[in-house]
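Enquirer: Using only what follows, build the 3D model:
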Amino acid sequence: MSHNHNNGDNRQVVQGKQKMTPSEAFVETLVANGVTDMFGIMGSAFMDAMDIFAPAGIRLIPVVHEQGAAHMADGYARVSGRHGVVIGQNGPGISNCVTGIAAAYWAHSPVVMITPETGTTGIGLGGFQECNQLPMFQEFTKYQGHVTNPARMAEFTGRCFDRAMSEIGPTQLNIPRDYFYGEIEAEIPEPRRIDRGPGGAQSLDEAAALLAEAKFPVIVSGGGVVMADGVEECKALAERLGAPVVNSYQHNDSFPASHPQWCGPLGYQGSKAGMKLISQADVVLALGTRLGPFGTLPQHGMDYWPKEAKIIQVDADHKMLGLVKKISVGICGDAKAAAIELSRRLEDRALACDATKDERLAKIKAEKEAWEKELDEWTHERDPFSLDAIEEAKEETPFSGGQYLHPRQVLRELEKAMPEDVMVSTDIGNINSVAHSYLRFEKPRSFFAPMSFGNCGYALPTIIGAKAAAPHRPAIAYAGDGAWGMSMMETMTAVRHDIPVTAVVFHNRQWGAEKKNQVDFYNRRFVAGELDNQSFAEIGRAMGAEGITVDRLEDVGPALKKAVDMQMNEGKTTIIEIMCTRELGDPFRRDALKKPVRLLEKYQDYV
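Expert: Take a look at the predicted model:
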């Protein structure tokens, strides 16, 4: 079958082996993999292929900076469950993507990074925009495909798309720019998708036996539950056991917040209720989580990880089993399939925890009520630095003329005003991390955070990518003013290309997360931590978005509702700038710094 030039046929892939150009083979393989959207900046290196994107039904969304394109591809993949695709000009366009691909790697996003390269006749001569592009990404990709001959264009392209899904992470497709040209014979490969099983029968039997004997089982529902679309199956297993369910770090959308057994996230600025309950566990079922070291650190003054508990870990990647925490049983399998099999094995079995189900449900309810009450009363931070900052704020007036607001009160008001079916991305930083206590979701693929890579400038481009994949869902990004400065120019991408989103910027005039370390370890000697900013709402207006400055607590909820209404009904991007005090929540890691020691006389005062 050859190309039919009517529009109804342009998503049909050419069948069988036939003559085509490598550009056509590349584009047809994209079509075969369902690609309709790509993010990047146009470049001469791939222009021959780009010329036929439109008739193939592919939209290239031009961004402001390629790091933003990589984050957009990440958000697109995380909300849709299919590939996010990013492309750029060889050399600087590609090197700009490294940070975004690293973030996608730690989020397990099936992003395909297409990296056109210097032509083969000039490699090694130090020509224009030449660099070796494979080593740049070897840390942050699951597979790197390098097209070794134009005739293999479709083969390598197809393999990169297949591996992104099977390995659950980014892949790189590296193409010498002269290999787009010429005439080849090619067949477009059909996509291969792995049917993942529940894990080995023996390990499932061992896990079921442990759960049957457990007196206080607790489930950690991780990102793997979201990726496997296994929330319902996790719920069924939790209900059978009467077990508390905690979200793994930055996966607040892995279990519905309205469920009586939901207990909130572990990790930095997570739920005290969840931490207190898991500390009592005798068996922990870690479902679809690698139990990363940062996600189980002591928090709120509690070293809550249960030292004596038996751990059952389920992960699709066998290399993660027992890597961080000592485990009793490791199941290499799909989180959804494993949950189904465990439920089946426990269905007609008498469980040690059956007798205490009501008692444990009452304990869950009591712990959650205590935590909610604490959050309601925790209107501001209470450490000495924050109390000083609150006093200073009373003496100052924001440029908007109102008053500086307590971040925790702001986060509570935003939580109350959240629309149904919302998608939220958070950047990295102090207020954004405190937000974890207040972000609750009813369905998966709703929460996107920079995970273990923890890069600034993540939230806005990621939510733009998510909105491109799910235009019917409200999309909200949270960012502090430091991180916002790294990505706010992508507001222009949202405006130019009608991908409306709402950004909430916490304007507290500082790099809060790192400044907290200067408070705790360096006697408030602030170096490079202060940020004197213009109005982000005004900058947003200059970029073609709506801008709202909020400096009264009662305006927080209405501002969010108005912005979401404009997003969904008028296609408007809005920057909500919230004037916040300089108070700061707990530091990221008390374990990562030491009290300073100075041996030279000239530095004796700097301790």
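Enquirer: burial count for E391?
Expert: 10 (other Cβ atoms under 10 Å). For the C-beta atoms, the positions are set from N, CA and C on the backbone; glycine is no exception.
Enquirer: what does the one 3 residues further on give?
Expert: For K394, the count of nearby residues is 10 (other Cβ under 10 Å).
Enquirer: Spit out the contact partners of it.
Expert: For K394, the set of contacting residues under the criterion of Cβ atoms under 8 Å, 6 or more residues apart in numbering is empty.
Enquirer: Looking at this structure, which helix is longest?
Expert: helix 357-377 (DSSP state H).
Enquirer: average pLDDT for that one?
Expert: What helix 357-377 shows for mean pLDDT is 98.
Enquirer: Stretch 536-549 too?
Expert: For stretch 536-549, mean pLDDT rounds to 98.
Enquirer: Strands of the stretch 1-150 of the chain, start to end?
Expert: 18-20, 37-40, 59-62, 84-87, 111-117, 143-146 (DSSP state E, counting those that start in this stretch).
Enquirer: I'd like those strands as CSV, with distance to D520, mean pLDDT and mean neighbour count appended.
Expert: Converted to CSV, the strands of the stretch 1-150 of the chain look like this (distance: least, Cβ to Cβ, whole Å; pLDDT from 0 to 100; neighbours: other Cβ atoms under 10 Å):
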stretch, distance to D520, mean pLDDT, mean neighbour count
strand 18-20, 62, 97, 15
strand 37-40, 39, 98, 25
strand 59-62, 42, 98, 16
strand 84-87, 38, 98, 31
strand 111-117, 36, 98, 28
strand 143-146, 41, 98, 19
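Enquirer: With distance to L414 as new columns, can those be given to me in JSON lines?
Expert: Shown next, in JSON lines, are the strands of the stretch 1-150 of the chain (distance: least, Cβ to Cβ, whole Å):
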{"stretch": "strand 18-20", "distance to L414": "52"}
{"stretch": "strand 37-40", "distance to L414": "28"}
{"stretch": "strand 59-62", "distance to L414": "28"}
{"stretch": "strand 84-87", "distance to L414": "27"}
{"stretch": "strand 111-117", "distance to L414": "29"}
{"stretch": "strand 143-146", "distance to L414": "39"}
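Enquirer: Minimum distance to L439: which of these has it?
Expert: Nearest to L439 among the strands of the stretch 1-150 of the chain is strand 84-87 (22.4 Å), distances taken as Cβ to Cβ.
Enquirer: Summarise which helices and strands the closest one is packed against.
Expert: On a contact count with 3 or more Cβ pairs under 8 Å, 6 or more residues apart in numbering; DSSP states H and E, strand 84-87 meets strand 37-40, helix 66-80, helix 98-106, strand 111-117.
Enquirer: quick one, what contacts D162?
Expert: P191, R192, R193.
Enquirer: for the closest residue to F448 other than its chain neighbours, helix, strand, or coil?
Expert: Nearest non-adjacent residue to F448, counting by Cβ to Cβ, 6 or more residues apart in numbering: S425, 4.2 Å away. Following DSSP: H, G, I helix; E, B strand; the rest coil, the label given to S425 is strand.
Enquirer: residue contacts, S425?
Expert: Residues near S425 by Cβ under 8 Å, 6+ apart: 75, 447-449, 458-460, 462-463, 466, 475-478.
Enquirer: got the buried residues for the very next helix or strand once past the longest helix of the chain?
Expert: Following helix 357-377 in sequence order, the next helix or strand is helix 384-395 (DSSP states H and E). Along helix 384-395, these residues count as buried under the neighbour rule (16 or more other Cβ atoms under 10 Å): F385, S386, A389, I390, A393.
Enquirer: can you redo those residues as CSV with pLDDT and distance to G145?
Expert: Formatted as CSV, the entries for those read as follows, by pLDDT from 0 to 100; distance: Cβ to Cβ, whole Å:
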residue, pLDDT, distance to G145
F385, 95, 51
S386, 96, 51
A389, 96, 51
I390, 97, 55
A393, 96, 54
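Enquirer: Of those residues, which is the nearest to D253?
Expert: Compare each of the buried residues of helix 384-395 with D253 using Cβ to Cβ and the shortest gap goes to S386, at 29.5 Å.
Enquirer: Does the closest one touch E583 like I think?
Expert: Yes: with contact defined as Cβ atoms under 8 Å, S386 reaches E583; the gap is 3.5 Å.
Enquirer: related to what we said a few turns ago, so of the contacts of S425, which ones are in strands?
Expert: Assignment to strands by DSSP state E places the following of the contacts of S425 there: F447, F448, A475, I476, A477, Y478.
Enquirer: For the third one, give me its contacts.
Expert: Just to be clear, that refers to A475. The contact partners of A475, taken as Cβ under 8 Å, 6+ apart, are V422, M423, S425, I463, I464, A466, K467, P500, V501, T502, Q567.
Enquirer: same thing with the fourth one?
Expert: For I476, the contacting residues are M418, V422, M423, V424, S425, I463, V501, T502, A503, V504, L560, V564, by Cβ under 8 Å, 6+ apart.
Enquirer: Kindly state the beta-bridge partners for it.
Expert: As for beta bridges, I476 partners with V424, T502 under DSSP bridges.
Enquirer: Now which of the contacts of D162 would you call buried?
Expert: Restricting these to buried positions leaves nothing, with burial counted as 16+ other Cβ under 10 Å.
Enquirer: where does the stretch 151-300 of the chain dip in pLDDT?
Expert: Of all residues in the stretch 151-300 of the chain, none has pLDDT under 70.
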